[in-house]
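A.B. asks: Predicted structure and sequence below. I'll ask about it afterward.
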Amino acid sequence: MRNLAYADTSQDNKASHMKAIKMLFRWRKREAGGEEWKPEVHFSTD
């Protein structure tokens, strides 16, 4: 996520990536009993 935070892309693009990764970790928690991921970095689409 730090690489994404410093990447030269729009906030919308960063937020979309963050959403996809959160969905992956929610699925992983549900299917395999993994832990839910709590990101240190947040992106806004404002």
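C.D. replies: Structure received. The structure displayed is predicted, hence computed values, not measured ones.
A.B. asks: Find me the pLDDT at the residue positioned nearest the centre of the chain, would you?
C.D. replies: Of all residues in the chain, the one closest to the mean position by Cα atoms, centre = their mean is Met18, 2.4 Å from it. On pLDDT, Met18 comes in at 83.
A.B. asks: Show me which helix runs longest in this protein.
C.D. replies: If you go by DSSP state H, the chain has its longest helix at helix 11-32.
A.B. asks: Tell me which other helices or strands it touches.
C.D. replies: The contact analysis (3 or more Cβ pairs under 8 Å, 6 or more residues apart in numbering; DSSP states H and E) places helix 11-32 against helix 2-6. Bear in mind the C-beta positions are built from the backbone N, C-alpha and C, glycine included.
A.B. asks: Figure out how far the helix it packs on is from the centre of its chain.
C.D. replies: Centre-to-centre, helix 2-6 and its host chain are 11 Å apart (Cα atoms, centre = their mean, to the nearest Å).
A.B. asks: Same check on stretch 4-19?
C.D. replies: The answer for stretch 4-19 is 9 Å, by Cα atoms, centre = their mean.
A.B. asks: pull the CA atoms of it into CSV?
C.D. replies: Output of stretch 4-19 as CSV, limited to C-alpha atoms (Å, rounded to 0.1, in the frame of the first residue of the first chain):
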residue,chain,number,x,y,z
LEU,A,4,0.4,2.7,-4.1
ALA,A,5,0.3,5.8,-1.8
TYR,A,6,3.4,7.3,-3.4
ALA,A,7,2.5,6.2,-7.0
ASP,A,8,1.7,8.9,-9.6
THR,A,9,-2.0,7.9,-10.0
SER,A,10,-5.3,9.5,-9.1
GLN,A,11,-7.0,9.2,-5.8
ASP,A,12,-9.9,7.4,-7.5
ASN,A,13,-7.4,4.8,-8.9
LYS,A,14,-5.8,4.4,-5.5
ALA,A,15,-9.2,4.0,-3.8
SER,A,16,-10.3,1.4,-6.3
HIS,A,17,-7.1,-0.7,-5.6
MET,A,18,-7.7,-0.4,-1.9
LYS,A,19,-11.3,-1.6,-2.3
